[in-house]
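In: build me a model from this:
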Amino acid sequence: MGKGGFLICIGPVCIPIQALYGALPVLYLLWDRIRPFFAALFPSVFPPLEEEEVDVAEQAKLLAALKPEALEALRKGSGGGMEEVTEEEDWDAHLKRSEEIGMPLVVDFGGKFCKPCKAIKPFVEELSNEFTSCKFLYVDVDELSEVALDRYGVVALPTFKVFKWGKECSTLTGVEGDELKERLKALCTKHSPQLDADGKPITVNPAAETAKDK
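Out: Numbers count the residues shown, from 1 in each chain. As a prediction, this is how the structure comes out:
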């Protein structure tokens with residue numbers, strides 16, 4: 001659980017002090033987590049990495065394979081709003097539920113004393129009411145460091161991650177202001193389950209996808 005709430009803030013991100021314990025191994029193992037921050041400061045030296053595209057056909061297959069009750073739960077959505085996770089057991093329960101019904105988790109890793117986190121939080125709450133086919137969670141890195149730091153290597157705040165089918169699939173950190181809002185909304189759009197007006201998975205025509213890629 002929490003160990004002090006001390007942060008070092010640099011530009012658009014804050015770094016929890018516990019992330020600096022054993023700094024060299026942490027930085028070595030988590031370079032891909034902090035690279036976006038350096039890319040924002042020195043784009044010519046650390047050009048931004050292109051994020052992998054969503055495999056639409058594969059996602060459609062996974063949704064189509066859901067049991068009727070799981071698909072119905074996905075159709076009903078999250079109901080909007082953010083939920084704070086304070087226990088590791090609760091986190092595991094959310095992750096398992098997301099895997100079972102195909103609902104993406106959009107997770108805001110932040111801190112009570114992180115100014116950039118406070119600045120973006122109202123916008124995240126707006127998104128949670130717009131993208132109800134996703135479940136929005138908030139994790140305080142000091143209160144739940146065993147999840148944020150130990151399991152997912154969150155070393156800069158705010159960090160946003162998307163989990164689908166029980167696995168992490170996207171990370172966003174190191175940007176601020178309007179750019180952060182635009183990229184966060186694009187992330188939610190990109191990973192939202194594709195359902196038709198009746199709440200059924202949108203099928204993909206493999207031939208059409210092949211023709212589009214040529």
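
In: centre-most residue in this structure?
Out: residue 161 (1.9 Å; C-alpha atoms, centre = their mean).

In: backbone phi and psi for that one, please?
Out: The phi/psi pair for residue 161 (degrees, to the nearest 10) reads phi -130, psi 150.

In: so where do the strands sit in this protein?
Out: Counting by DSSP state E, one finds strands in the chain at the ranges 7-10, 13-16, 82-85, 105-110, 135-140, 159-164, 167-173.

In: any idea which of these is most buried?
Out: Most buried of the strands of the chain, by mean neighbour count (mean count of other C-beta atoms under 10 Å): strand 105-110, with a mean of 26. Placement of C-beta: from N, CA and C, glycine included.

In: list the strands paired with that one, with their directions.
Out: strand 135-140 (parallel), strand 159-164 (antiparallel) (DSSP bridges).

In: picking that back up, turn the strands of the chain into a markdown table, columns for distance to residue 61 and mean pLDDT.
Out: Formatted as a markdown table, those follow (distance: least, C-beta to C-beta, whole Å; pLDDT from 0 to 100):
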| stretch | distance to residue 61 | mean pLDDT |
| --- | --- | --- |
| strand 7-10 | 42 | 56 |
| strand 13-16 | 37 | 60 |
| strand 82-85 | 29 | 97 |
| strand 105-110 | 20 | 96 |
| strand 135-140 | 22 | 97 |
| strand 159-164 | 13 | 95 |
| strand 167-173 | 16 | 91 |
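
In: and of those, who's closest to residue 122?
Out: Distance to residue 122, taken as C-beta to C-beta, is lowest for strand 82-85 among those, at 10.6 Å.

In: closest one to residue 62 among the strands paired with strand 105-110?
Out: Relative to residue 62, the nearest member of the strands paired with strand 105-110 by C-beta to C-beta is strand 159-164, separated by 8.7 Å.

In: ok, residues contacting that closest one?
Out: 33, 95, 98, 102, 104-109, 124, 152, 154, 168-173, 184, 187, 191 (C-beta atoms under 8 Å, 6 or more residues apart in numbering).

In: can you give me the angle that strand makes with strand 167-173?
Out: 160 degrees (axes from the mean of the first three to the mean of the last three C-alpha atoms, to 10 degrees).

In: can I get the CA coordinates of strand 159-164 in CSV?
Out: C-alpha atoms of strand 159-164 as CSV (Å, rounded to 0.1, in the frame of the first residue of the first chain):
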residue,chain,number,x,y,z
THR,A,159,0.1,7.2,-17.4
PHE,A,160,-2.9,5.7,-19.2
LYS,A,161,-3.1,2.1,-20.2
VAL,A,162,-5.7,0.0,-22.1
PHE,A,163,-6.2,-3.6,-21.3
LYS,A,164,-8.2,-5.9,-23.6
